[in-house]
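K.L.:
Predicted model and sequence follow; I will ask about them next.
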Amino acid sequence: MKRERKSEIPQVVKELGVKIKEVINSNELKTREVAHDAEMDVENLRKYIKGSQEMKISTMFKIAQALKIHPSELIKDL
């Protein structure tokens, strides 16, 4: 049985996921490599990219570090 969310995921979370995916693609990286470098499970990273799961600020910093960019690059223009 699939769980239902208590509240809808905010649009900004989905847009952040799109931004992460764009950076991964533009740098020709593999999702599993980014997950490894961010010390996280690849399935969790995929959930963040799809916008189906919200992340903590510390997680966003780890992802940005794995992408070798400043965290502000991820949230710019959201």
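P.N.:
All right, it came through fine.

K.L.:
Identify the residue spatially nearest to residue 17, adjacent ones excluded.
P.N.:
Taking Cβ to Cβ, 6 or more residues apart in numbering, and ignoring the residues beside it in sequence, residue 17 has residue 51 as its nearest neighbour in space, at 4.0 Å. In short, each C-beta sits where N, CA and C put it, glycine included.

K.L.:
Identify the residues contacting that neighbour.
P.N.:
Residues touching residue 51, when contacts are defined by Cβ atoms under 8 Å, 6 or more residues apart in numbering, comprise 9, 13-18.

K.L.:
Repeat that for residue 63.
P.N.:
Residue 63 makes contacts with 20, 34, 38, 40, 45, 48, 55, 74, as judged by Cβ under 8 Å, 6+ apart.

K.L.:
Reduced to three states, what does it come out as?
P.N.:
In three-state terms, and counting by DSSP: H, G, I helix; E, B strand; the rest coil, residue 63 is helix.

K.L.:
Please renumber the chain so that the first residue is 9 from this point on.
P.N.:
Got it, first residue is 9 now, which makes that one residue 71.

K.L.:
Return the distance of it relative to residue 30.
P.N.:
Residue 71 is 13 Å from residue 30, where distance means Cβ to Cβ, to the nearest Å.

K.L.:
now residue 43: how far from residue 53?
P.N.:
Computed with Cβ to Cβ, the distance linking residue 43 and residue 53 is 4 Å.

K.L.:
Which one's more surrounded, those two?
P.N.:
residue 53 (25 against 20; other Cβ atoms under 10 Å).

K.L.:
wait, isn't residue 37 in contact with residue 75?
P.N.:
Yes. Residue 37 is in contact with residue 75 according to Cβ atoms under 8 Å; the separation is 7.4 Å.
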